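Peer 1: With the input below, show me the fold.
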Amino acid sequence: MPTAADAQSAAIRGRAETSRRLKAGQAVLSKLTLQRIEAQLPWYRAMSSADRGWVVVLANSGISSFIDWYRKPQTPLRVVGDIFKSAPRELVRSVSLQQTLQLLRVVVQVVEERVTELARPSEQSGLKEAVLIYSREIAFAAADVYARAAEARGSWDARLEAMVIDALVRGDSVDELASRTAAFGWRSDGAVHVLVGRAPKRSAHRSIDEIRRAAQKWAEDALLGVHDDRLLIVLGGVEDIDRTVTSLAHYFGPSEVIIGPRVDSLAEAGTSASAAVWALRTAAARPATPRPVHAADLLPERAIAGDRSAVAELISRFYEPLGAGSGQLHDTVAAYLEFGGSLETTAKALHVHPNTVRYRLRKITGLIGIDPTEARAGFVVRIALVYGRLSEAGQLSNGHKSTVPGSPLT
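Peer 2: Residues are numbered from 1 along each chain as shown. From the prediction side, this is the model:
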């Protein structure tokens, strides 16, 4: 009658024999696994040849490590953490956790189907149990690898986001911003707006996460950060910017919320950010400033404060169109504003009928997009006329420079 020692000795010999068969059949297992991967996993077929090669390496490493562990079950498992060391870091991005588990499932299926060939009848249940134990451990390890990668990627993305925000604030060139935004992985190809307002008083970390989730509901992509006491939100691919900002305005602190001008890409967002920050600095000069308000609606205040881009826009949008042609429109609006909006006095000064003044004012409205007979529009046009005349007189190149070089935040 066999003793316990005899049974244990037989079990050891049986496991050793199964290990030998596994080692001998490793090439066949690898070949069958590759065939099954190609047949069952569409994402594998869509990968580049280099990435497919690394997936094959991972699958073969999984089979090899299982065989080594089965031969010496007392040794620690070589799981995904060790297997992934041979693969490039980028593969963790190329192959998702779900795809890794699908790959593991294929390997397990191949081994289980070959159990009858790889083990004696008395060892088959033990081999199946070993496959299940190993697959469970490797699945847990895979989850740990991807969790760590996600955590590291999240920290890196947060640093990149902060670097992009700092670059916008500094007023970096388009080329410099392009290199930083490429590393950030901006997903939107749509137009970009920068929003600027006071930072909320709540806990910054909690607030940023909350605002990011809200912004991403409206935009294809968003990045944000706090600089001093200002909150900047960059939105890409927004369909209705006014509606979007109205829904996000309550995330800002007190004071105005500024909508920077639209630009075509994230690399050009510095232009939008600069205009928005200048507008935030000068919004207090305009009585009853709307919230939110476009930076373009504060051109006079920005220009007076030293924003050279606002001066240039006032001249190009309002002064130059009025000065084209015979100059009648320029003279008319200048006289109208000078005489406090009196049609009769303006007509008398220009030696024309009041109806002619009315006609020219309507033409001016159609030309520049604002009605100079309205108080705010009249103020905008008056400031544009001042800077336009100074520009023609050559008094802006040296006499009107920003007191703060570069971005108004630097």
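Peer 1: what sits up against stretch 308-318?
Peer 2: Stretch 308-318 is contacted from outside by 271, 274-275, 278, 296, 298-300, 302-303, 368-370, 380-381, 383-385, 387-388, 391, 396, 400-402, using Cβ atoms under 8 Å, 6 or more residues apart in numbering. For the C-beta atoms, the positions are set from N, CA and C on the backbone; glycine is no exception.
Peer 1: Mind checking the pLDDT average for it?
Peer 2: The average pLDDT within stretch 308-318 is 94.
Peer 1: what sits against D189?
Peer 2: If you count contacts by Cβ under 8 Å, 6+ apart, D189 has them with E220, G236, G237.
Peer 1: Check it and give its pLDDT.
Peer 2: Looking at D189, the pLDDT reads 82.
Peer 1: so is it in a helix, a strand, or just coil?
Peer 2: coil (DSSP: H, G, I helix; E, B strand; the rest coil).
Peer 1: Quick check: the gap between it and G237.
Peer 2: 7 Å (Cβ to Cβ, to the nearest Å).
Peer 1: joint contacts of these two?
Peer 2: Common neighbours of D189 and G237 (Cβ under 8 Å, 6+ apart) are E220.
Peer 1: all helices for the stretch 101-250 of the chain, in order.
Peer 2: Along the stretch 101-250 of the chain, the stretches classed as helices by DSSP state H, counting those that start in this stretch are 115-118, 121-170, 174-184, 204-216, 241-248.
Peer 1: possible to save the contacts of D189 as a markdown table with distance to A285?
Peer 2: Output for the contacts of D189, formatted as a markdown table (distance: Cβ to Cβ, whole Å):
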| residue | distance to A285 |
| --- | --- |
| E220 | 35 |
| G236 | 31 |
| G237 | 33 |
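Peer 1: which one among these gets closest to R114?
Peer 2: E220 (48.2 Å; Cβ to Cβ).
Peer 1: Sketch out the low-pLDDT regions of the chain for me.
Peer 2: By pLDDT under 70, the low-scoring segments of the chain are 1-14, 74-94, 144-185, 202-207, 325, 397-410.
Peer 1: From the centre of it outward, give me the first residue you hit.
Peer 2: The centroid of the chain falls nearest to W186 when counting by Cα atoms, centre = their mean (4.0 Å).
Peer 1: Could you report the distance from it to V194?
Peer 2: 13 Å.
Peer 1: Spit out the contact partners of L32.
Peer 2: V110, R114.
Peer 1: What is the neighbour count of V381?
Peer 2: Neighbours of V381 under the rule other Cβ atoms under 10 Å: 26.
Peer 1: Run through the residues that contact it.
Peer 2: If you count contacts by Cβ under 8 Å, 6+ apart, then V381 has F318, L322, V333, L337, I368, I370, P372 around it.
Peer 1: if you set the cut-off to 6 Å instead, what comes out?
Peer 2: Under the criterion of Cβ atoms under 6 Å, 6 or more residues apart in numbering, the contact list for V381 reads F318, V333, P372.
Peer 1: What separation do you get for it and T332?
Peer 2: Using Cβ to Cβ, V381 is found at 11 Å from T332.
Peer 1: And L361, by the same measure?
Peer 2: Taken as Cβ to Cβ, the span from L361 to T332 is 7 Å.
Peer 1: ok, now R120?
Peer 2: 105 Å.
Peer 1: Between those two, point out the one with more neighbours.
Peer 2: Using other Cβ under 10 Å, the more surrounded residue of R120 and T332 is T332, with 24 against 13.
Peer 1: Show the backbone phi and psi for that one.
Peer 2: phi -70, psi -50 (degrees, to the nearest 10).
Peer 1: Wait, it touches Y359, no?
Peer 2: No. Applying Cβ atoms under 6 Å as the test, T332 and Y359 come out as separate, 9.4 Å apart.
Peer 1: Mind telling me what element the nearest residue to V380 once chain neighbours are set aside is part of?
Peer 2: Spatially, and ignoring its direct neighbours in sequence, V380 is nearest to P300 (5.6 Å; Cβ to Cβ, 6 or more residues apart in numbering). If you go by DSSP states H and E, P300 is part of helix 299-305.
Peer 1: and after that helix, which helix or strand comes next?
Peer 2: helix 308-314.
Peer 1: ok, the closest residue to A303 other than its chain neighbours - how many residues close by?
Peer 2: Closest residue to A303 apart from its sequence neighbours, by Cβ to Cβ, 6+ apart: A310 at 4.2 Å. Per other Cβ under 10 Å, the neighbour tally for A310 reads 26.
Peer 1: Next, find the distance separating A310 from W278.
Peer 2: Taking Cβ to Cβ, one finds A310 at 7 Å from W278.
Peer 1: in the stretch 301-410 of the chain, which spans are helices?
Peer 2: Under DSSP H, counting those that start in this stretch, the stretch 301-410 of the chain gives helices at 308-314, 320-323, 328-338, 343-350, 354-368, 375-392.
Peer 1: name the helices or strands packed onto the second one?
Peer 2: Spelled out, it's helix 320-323. helix 328-338 (3 or more Cβ pairs under 6 Å, 6 or more residues apart in numbering; DSSP states H and E).
Peer 1: try it again with 8 Å
Peer 2: Counting contacts by 3 or more Cβ pairs under 8 Å, 6 or more residues apart in numbering; DSSP states H and E, helix 320-323 is packed against helix 328-338, helix 354-368, helix 375-392.
Peer 1: Any idea which of those gets closest to D264?
Peer 2: Judging those by Cβ to Cβ, what sits closest to D264 is helix 354-368, at 24.1 Å.
Peer 1: ok, and what's touching that closest one?
Peer 2: The contact list for helix 354-368 (Cβ under 8 Å, 6+ apart) reads 317-318, 321-322, 328-329, 332-333, 336, 343-344, 346-347, 350, 371-373, 381.
Peer 1: Can I get the buried part of those residues as one ChimeraX selection?
Peer 2: Remark: buried members of the contacts of helix 354-368, expressed as a ChimeraX selection using 16 or more other Cβ atoms under 10 Å:
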select :317,318,321,322,329,332,333,336,343,346,347,350,372,373,381
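Peer 1: how about R291, secondary structure?
Peer 2: coil.
Peer 1: so what's it up against?
Peer 2: A249, E256, V257.
Peer 1: Sort out for me which of these are in strands.
Peer 2: V257 (DSSP state E).
Peer 1: got a winner among the contacts of R291 for most neighbours?
Peer 2: V257 (26 neighbours).
Peer 1: how near is that one to R291?
Peer 2: Distance from V257 to R291, by Cβ to Cβ: 6 Å.
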